[in-house]
Structure formats: structure tokens, C-alpha cells
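Enquirer: Got a predicted structure here, sequence first:
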Amino acid sequence: MTTPSPAIGPDAAILTIDLDALVANWRLLAERAGAQTGAVVKADAYGIGIEPAVTALARAGCRSFFVAHLSEGIRARQVAPDATIYILNGLPPASCDAFAAHRLSPVLGSREELAEWAGFRRAGAQVEGAALHADTGMNRLGLSSAEALALAQEAGDLAADAGLGLLMSHFSASEDLSDPATARQIAAFAEIAAAFPQLPASLKNSSGHFLPDCPSYALTRPGYALYGGNPTPGKPNPMRPVVGLEAQIVQIREVEDGAIVGYNGRWTARGRRRLATICLGYADGYPRNASGTDAVPGGAALVGGVLCPFAGSVSMDLIILDVTDAPSGSAERGAPVTLIGGPLDLETVGAGAKTIGYEMLTSLGRRYQRRYIGG
């Protein structure tokens, strides 16, 4: 029986997560913000794990966390007992008791949510302060600008009874400096914030920290950049890489000119080629759209420091690489190859898979052996 390579072990691949880099990225953004800086840890902390991410960031001084769902908030609360934890996707009907039990703060984005939360508080419930979400141009969640301004002017007690502790909005295109939507959103939010002078405000996301004309307000809430994603597309990435992905070669073969490779023969060898099959596929969260075909190139892996393209379709558990140009001895059975790391940063890997780095991160598979360093 063959013994697995000690570099990889019995798992499909190794996912290395650098918690020190995560903390360094948070500190860099906090320094730029000059304000309290939170952390968005939704989608299992962008794939790296809510519990280790929140633990590391809380130890570093982060006091506010943002998740998408109630279940994520419950997980975050278990490792951050003193933090403020906001649930970005709002207040599901009849969920107030769960929010109170776990001391979670809903981000209220409709009058219905405001009314339900206010009624719960009027009944004597002891709850954390909620956030008010004002939509300034995304048209996804939140009160419209007009609704938010009207709420501020109402003589009734709805806003007061809801116990609001934060006002926030969400950028739609802050990473694109040429998009005029960002300036419109900044102006719209400034008007709303002025109408709620008693409320701390939050607008900056990851890319917002690098906008020249965006105020930090009381709290910023970076996400993607914390995990090594580039908040300044087209410019050098100021963030440290957090994630590395390494798989193992399970078989090597030589094919002749004209050989077809992979499902449906979508890649054809041009000349004699050396191929390596690695133990990783779309069941591990690596998108099938990274397939390399005769018509469209796909993803790549580093083998002996050389980029080797995918040959054919990404299948469920396996990917084929063209390793013809890899250094001698680097592409052999049991040898490791790098899928994320070095020149294969999140943006490059996302582009090779016809998607974005965000999706690459949040799709990271559960079959990987996860190695946490630092933190």
C-alpha cells in the first residue's frame, strides 16, 4: 500500500490560513480609517472559518462584527462574548427572541422590521442596539433615502422605540473610482446621517478605506480586504495574503499530438505534452468555469515555480494540468502544486475561473485539510 505524501496527507488538498496576516490587514485598515474598525465575517469569514477569524480579530482589539445570518451571529457570539455582532440580512419574522438570547443586533431595513423590533422592546425585552440600514443606491436591502429621511422627521416614537445604535449604508461600486454612483451614495448618506445626528454611522467597506473623499464616520466595516483581496483593483494590492491552497499530483502521463483530454474532449494536445492529474475539483469548491479548453484558457497551478495551465474540464474531484514546461523533477506523483499563492493571488485565480476572488474564497471546500498559522 502506498503511503500518502507527508506534505498533503489523506485529504484532497491543504488550505493554509494565516491568521497573523488577517490581523495585520485589519490593523492596516484601522490605521487608514482613523476610526473604530469592525470586521465582516459573514460566509464563514469568507471561507476561512468564523471561529478562528473572530477569535484572532477580537484578541487584536476588534469589537464589532458583521455577519449575514442569525446562525452566523450565534457562532460568532460563542467566541466573542463581549463584541457587538450585527446581522446584516435583517430581522427574520418572529426571530426577536433568538436575537435577545444571543445578544445580537439586527440591521433593520424596513418599516416592518422596525415595528417588530420596537414592539419587542416595548414589551420589556432586554436587547442589544439595532442598526438602521439606509439604501443609497443598491436597491437591495434597506429603507430608501426618502423613507429614512421621513423616519427622522416623524413625530412618533418608532425610531426611538427601536433602540437604534448605528446608521449604515452599503456601497455598490466603491472599488471602481470611475463609477459616479459612489459619489452619489456618499452625498446621499451624508444627508441621512445629518438627519440622525444622535446615531453613530458606518459607510466604509474594504474599498471605501481607499476612497479619497469618503468620511470614516464612527465605524468602518471591511470584509474582502481582510482576507487578502485587493481593495484597489488595477493597483498593487496593499493587503497581505491570508489563504494558500496546495494539492497533490496523483498521476503523470505523456500524450501525443492531437490527444483529447478530459470530459467531452474540450482540450487538445498541441504536440507531445506531459500531463499531471491533481486531487482537487469542483466538489472542493474550485469552479468548473476554470476549465481550460481549445477555445478559452482556464485556470493554472504553480508547479516547481512555473505556471502550468489547466487542460480540459475541471471535474468533480480532479483537475488535469499541462506540466510540459515544469522544471525537471517538479512534476511527479505525490508532488505538491499550488492553486492559490504567490503569483496566483485571489484576483488572478478568480479571473482564471471566470469569476471573482470573493467567490473563490467563499467557495473554499470542506474536504481540505485546514492549517491555521499565527493568531
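Expert: In hand now; what should we look at?

Enquirer: Could you use CA atoms for every contact and neighbour count after this?
Expert: Noted.

Enquirer: Any idea how far the helix or strand of the chain with the lowest mean pLDDT is from the middle of the chain?
Expert: Every helix and strand of the chain was ranked by mean pLDDT, DSSP states H and E. The lowest is helix 158-161, at a mean of 88. Helix 158-161 has its C-alpha centroid displaced from the chain centroid by 33 Å (C-alpha atoms, centre = their mean, to the nearest Å).

Enquirer: quick one: low-confidence ranges for the stretch 51-200 of the chain?
Expert: Scanning the stretch 51-200 of the chain with the threshold set as pLDDT under 70 gives 155.

Enquirer: Which parts of it are strands?
Expert: 64-67, 84-87, 105-108, 130-135, 143-144, 164-168 (DSSP state E, counting those that start in this stretch).

Enquirer: Provide the contact partners of the first one at residue level.
Expert: Think strand 64-67. Residues outside strand 64-67 that contact it (C-alpha atoms under 8 Å, 6 or more residues apart in numbering) are 37-43, 54, 73, 83-88, 221.

Enquirer: Okay, buried residues for stretch 357-374 please.
Expert: Of all the residues in stretch 357-374, those buried under the rule 16 or more other C-alpha atoms under 10 Å are 357-365, 367-370.

Enquirer: Tell me the buried residues in stretch 88-102?
Expert: 88-91, 96, 99-100, 102.

Enquirer: gap between the two ends of that stretch?
Expert: 15 Å (C-alpha to C-alpha, to the nearest Å).

Enquirer: Next: stretch 125-142.
Expert: Taking C-alpha to C-alpha, stretch 125-142 runs 24 Å from one end to the other.

Enquirer: buried ones in it?
Expert: 127-138, 141-142.

Enquirer: Of those, which pair is most distant in space?
Expert: Distance extremes for the buried residues of stretch 125-142: the farthest pair is 127 and 137 at 29.9 Å, using C-alpha to C-alpha.

Enquirer: give the contact list for residue 357.
Expert: 229, 346-351.

Enquirer: Most neighbours among these, please name it.
Expert: The most crowded member of the contacts of residue 357, judged by other C-alpha atoms under 10 Å, is residue 346 (27 neighbours).

Enquirer: what's the closest non-adjacent residue to that residue?
Expert: Ranked by C-alpha to C-alpha, 6 or more residues apart in numbering and with sequence neighbours excluded, the top spatial neighbour of residue 346 is residue 357, at 4.7 Å.

Enquirer: And residue 313, by the same measure?
Expert: Spatial nearest neighbour of residue 313, chain neighbours left out: residue 291 (4.4 Å); criterion: C-alpha to C-alpha, 6+ apart.

Enquirer: and what of residue 347?
Expert: residue 357 (5.1 Å).

Enquirer: what do you get for residue 369?
Expert: residue 14 (4.7 Å).

Enquirer: The one you found in helix, strand or coil?
Expert: Assigned with DSSP: H, G, I helix; E, B strand; the rest coil, residue 14 falls in the strand class.

Enquirer: so where do the helices sit in the chain?
Expert: With helices called from DSSP state H, the chain shows them at 19-33, 42-46, 50-60, 70-79, 96-101, 111-122, 145-153, 158-161, 181-195, 346-352, 357-362.

Enquirer: Between these, which one is closest to residue 307.
Expert: Of all those, helix 346-352 sits nearest to residue 307, with 11.7 Å by C-alpha to C-alpha.

Enquirer: how far is that closest one from where the chain is centred?
Expert: Here helix 346-352 is found 14 Å from its chain centre; the criterion is C-alpha atoms, centre = their mean.

Enquirer: quick one on the thing from earlier: now, among the contacts of strand 64-67, which is nearest to residue 329?
Expert: Of all the contacts of strand 64-67, residue 329 sits closest to residue 43, with 39.2 Å by C-alpha to C-alpha.

Enquirer: nearest residue to the closest one other than its sequence neighbours?
Expert: Per C-alpha to C-alpha, 6+ apart, closest to residue 43 is residue 362, 6.3 Å.

Enquirer: longest strand of this protein?
Expert: Using DSSP state E to define each element, the chain has its longest strand at strand 243-255.

Enquirer: hmm, back to that, now distance to residue 304 too, for the helices of the chain, in TSV please.
Expert: TSV is the format used below for those (distance: least, C-alpha to C-alpha, whole Å):
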stretch	distance to residue 304
helix 19-33	25
helix 42-46	29
helix 50-60	31
helix 70-79	39
helix 96-101	51
helix 111-122	55
helix 145-153	54
helix 158-161	60
helix 181-195	43
helix 346-352	18
helix 357-362	23
